[in-house]
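1. Next come a sequence and a model predicted from it.
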Amino acid sequence: MAKPGGVNHHESKITDENGLRRTILVPVVQDLSRTKALPQQFIQRQPTAIATSAFTPAVIDMAGLRDGLDSSSRAVELQKLGREARDWGLFLIENHGLVLSDVEQSVRGFFELPFQEKKRSVGTYMSVDNLGYGRSYVKSEDQVLDWIDRLAMKVAPKAATDGLAVWPIKPPNFRWAMEKYAEGAREILDELLQALAEALSLDRRAFSQYFDHESSEINVRINYYPPSPNPASTLGITAHSDASSLTLLTQFESSNGLQIFKDDRWFTVQWPCNTLLVNIGDLMEIMSNGVLRSPWHRAATQSEVERFSVALFYNPPGGIEIEPMQDGICGGGGYRKVVAREYIENYHKVSPAPYKQPIMFAKEDE
Ligand SMILES: O=C(O)CCC(=O)C(=O)O
Ligand SMILES: [Fe+2]
């Protein structure tokens, strides 16, 4: 336990060069930020967080999309959706009906707890599948670390969470708020799976056929980026694509943290506060055989501002085999059939990874 005002440590398990499992201690970023300390292990080898351009994704009006299957407003939204999903792999949604205040209150309440309380509150499942309160993907002692503390949990299917102490006990309504949010999110993402297929002139069930209410998987990761002593030399999240089919991303205040890589440069994603962001994940890239591509993205840090984001990953049931589309427009991406769980396991094993490397696992000639 740290002295009052001191820095606590997360315990991360790594496998060292001799194949032995070891625990290494990683400072809690929330504590570092308070003391304005910036240890060497958080300093990127190249200055990073300077994005050259700003980008505001197209906003899809969910009310317009719901406006009757053959209505003109739906046609307009579908056209926008198809274009943005193909060009950028992400888009914003408005009129989504999701209320975020309970989630925000619970998340802020959790991170306000003292370190030991946070650990006690979450239970013991830290090292399972990168879940729990702590850090993701600490693989070696000389790795440059992200300026972040995280809380990650499985939300669905419910049975998958039974044996794990996955839910923070404090604040007391945390689980209720997150499950309510996830159910609302699932409805929206189901609609978007169908709309994306339609926007690409595919059978409406081309993507949604892999999902079902009982066993599709929802994982939630809460990213907390405390103020950084030097945003130009720290990163909140190292560049990656998401393993998911679709990711729903929420931030609590409008701030510029998310950056996306396109045409050889980084763009800061500008994101109005009444909207949520949806991005294509690797599993969707595989399903569409490369017609939709999962964007390579990262999170910058800021000097005076703390930022929270909530990433909700929507995946088919783990045992489902995904078969890349082979017809006219969807074909030629060179992807092979993959079992969702095998894809995700490999993704966790190889992350963090160089540009688009995890998805090579699903290429035909791998
Ligand atoms: O904080 C953000 O905007 C990005 C989060 C993210 O990319 C993730 O959790 O996978
Ligand atoms: Fe991400």
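-> Okay, I see it. Ligands and ions are numbered 1, 2, ... in the order given.

2. Would you confirm that Pro157 contacts Asn219?
-> No. Look at Pro157 against Asn219 with C-beta atoms under 8 Å: they stay out of range, at 11.2 Å. Backbone N, C-alpha and C define where each C-beta goes, glycine included.

3. What residues does the chain have near ligand 1?
-> Arg221, Asn223, Ile237, Asp242, Leu249, Gly257, Leu258, His297, Ala299, Ser309, Ala311 (C-beta under 6 Å from any ligand atom).

4. of Pro157 and Asn219, who's got more company?
-> Asn219 (23 against 17; other C-beta atoms under 10 Å).

5. Which strand or helix spans Leu202?
-> Assessed by DSSP states H and E, Leu202 sits outside every helix and strand.

6. ok, so what distance separates it from ligand 1?
-> 26 Å (C-beta to the nearest ligand atom, to the nearest Å).

7. And for Ala58?
-> In terms of C-beta to the nearest ligand atom, Ala58 sits 18 Å off from ligand 1.

8. which element is the nearest residue to that residue once chain neighbours are set aside on?
-> Nearest residue to Ala58, sequence neighbours excluded (C-beta to C-beta, 6 or more residues apart in numbering): Glu84, at 4.3 Å. Taking DSSP H and E as the criterion, the element that holds Glu84 is helix 72-87.

9. for the stretch 201-350 of the chain, what spans make up the strands?
-> In the stretch 201-350 of the chain, the strands defined using DSSP state E, counting those that start in this stretch lie at 217-225, 235-240, 246-251, 258-262, 265-269, 276-280, 296-300, 307-315, 321-322, 338-339.

10. roughly how far out does the last one sit from the chain middle?
-> To tie it back to what came earlier, the one meant is strand 338-339. 20 Å (C-alpha atoms, centre = their mean, to the nearest Å).

11. Can you tell me the strand partners of that strand and which way each runs?
-> strand 321-322 (antiparallel) (DSSP bridges).

12. Identify the nearest residue to the residue positioned nearest the centre of the chain in space, disregarding sequence-adjacent positions?
-> When C-alpha atoms, centre = their mean is applied to the chain, the residue found nearest the centroid is Ala311 (4.1 Å). Distance criterion C-beta to C-beta, 6+ apart; nearest residue to Ala311, sequence neighbours excluded, is Arg221 at 4.8 Å.

13. who's in contact with the one you found?
-> Listed by C-beta atoms under 8 Å, 6 or more residues apart in numbering, the contact partners of Arg221 are Ser136, Arg150, Leu151, Ala152, Val310, Ala311, Phe313.

14. cool, Ala197 as well?
-> By C-beta under 8 Å, 6+ apart, the neighbours of Ala197 are Asp203, Arg204, Arg205, Ala206, Phe207, Ser208.

15. cool, and His10?
-> Leu25, Val26, Pro27, Val28, Tyr133, Gly134, Arg135, Asp149.

16. Let me know the pLDDT of the last one.
-> Per-residue confidence for Asp149 comes out at a pLDDT of 94.

17. just the helices in this protein please.
-> Assigned by DSSP state H, the chain shows helices spanning 29-35, 62-65, 72-87, 101-112, 115-122, 158-161, 174-199, 282-287, 340-350.

18. May I see those arranged in CSV, with distance to Arg293 as well?
-> Formatted as CSV, these follow (distance: least, C-beta to C-beta, whole Å):
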stretch, distance to Arg293
helix 29-35, 31
helix 62-65, 22
helix 72-87, 8
helix 101-112, 29
helix 115-122, 34
helix 158-161, 29
helix 174-199, 13
helix 282-287, 5
helix 340-350, 16
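
19. chain center to stretch 326-342: distance?
-> Offset of stretch 326-342 from its chain centre (C-alpha atoms, centre = their mean): 22 Å.

20. Stretch 98-114 too?
-> 18 Å.

21. How about residues contacting it?
-> 30, 118, 121, 149, 151, 168, 170-171, 173-174, 176-178, 180-181, 184-185, 188, 222, 224, 250, 252, 276, 308, 310.
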